[in-house]
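Trainee: no FASTA, just this:
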């Protein structure tokens with residue numbers, strides 16, 4: 001298992017070498033969009049686009065970790081994969097519940113959706129960083 005994890009780590013070094021550059025771009029694009037779209041509808045559009053970009057990065061990050069584990073015949077790697085999948089499912093449940101809660105200050109109001117989208121962006125970016133730091 002240690003050999004497989006070392007190979008995974010070496011494989012991920014180039015991928016994560018500039019790990020925050022893609023996230024910095026997502027945040028810069030978000031800021032530019034928000035600066036140009038000050039209406040509620042415009043801000044929701046910007047946050048929706050930002051969430052989609054962050055989610056795409058999250059999925060790519062996850063796949064970079066999962067694929068080598070799936071290909072491994074090592075029992076420890078299989079257990080790591082099982083626990084990662086369980087953690088990711090729990091994280092999705094947490095994200096959805098947390099962001100729903102984050103929307104409660106504007107419950108029933110027009111900004112509730114914006115609050116939720118903003119939370120989804122922040123939570124997704126935090127998860128990306130967490131997954132990258134574990135490697």
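Mentor: Yep, that arrived. Everything quoted here is computed from the prediction, not taken from an experiment.

Trainee: the helices in the chain, which residues?
Mentor: Secondary structure of the chain (DSSP state H): helices at 2-17, 19-36, 40-71, 75-102, 112-133.

Trainee: would CSV of the ones you listed with mean neighbour count be doable?
Mentor: Quick note: C-beta positions are derived from backbone N, CA and C, even for glycine. Shown next, in CSV, are the helices of the chain (neighbours: other CB atoms under 10 Å):
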stretch, mean neighbour count
helix 2-17, 13
helix 19-36, 14
helix 40-71, 16
helix 75-102, 14
helix 112-133, 19
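
Trainee: shaky segments in the chain?
Mentor: Within the chain, the segments meeting pLDDT under 70 span 1-19, 134-135.

Trainee: run the last query once more with 50
Mentor: The chain contains residues with pLDDT under 50 at 6.

Trainee: pretty sure residue 53 is touching residue 27, no?
Mentor: No - using CB atoms under 8 Å, residue 53 is not in contact with residue 27; the gap is 9.8 Å.

Trainee: quick one, what contacts residue 102?
Mentor: 115-116, 118-119 (CB atoms under 8 Å, 6 or more residues apart in numbering).

Trainee: just curious, which of these is nearest to residue 34?
Mentor: Set against residue 34, the nearest of the contacts of residue 102 by CB to CB is residue 118 (10.2 Å).

Trainee: who's in contact with the closest one?
Mentor: 47, 102.

Trainee: try the one 3 residues further on
Mentor: Contacts were defined as CB under 8 Å, 6+ apart; by that measure residue 121 touches 30, 47, 50-51, 54.

Trainee: repeat the analysis, applying 7 Å as the threshold.
Mentor: Contact analysis of residue 121 by CB atoms under 7 Å, 6 or more residues apart in numbering lists 47, 50-51, 54.
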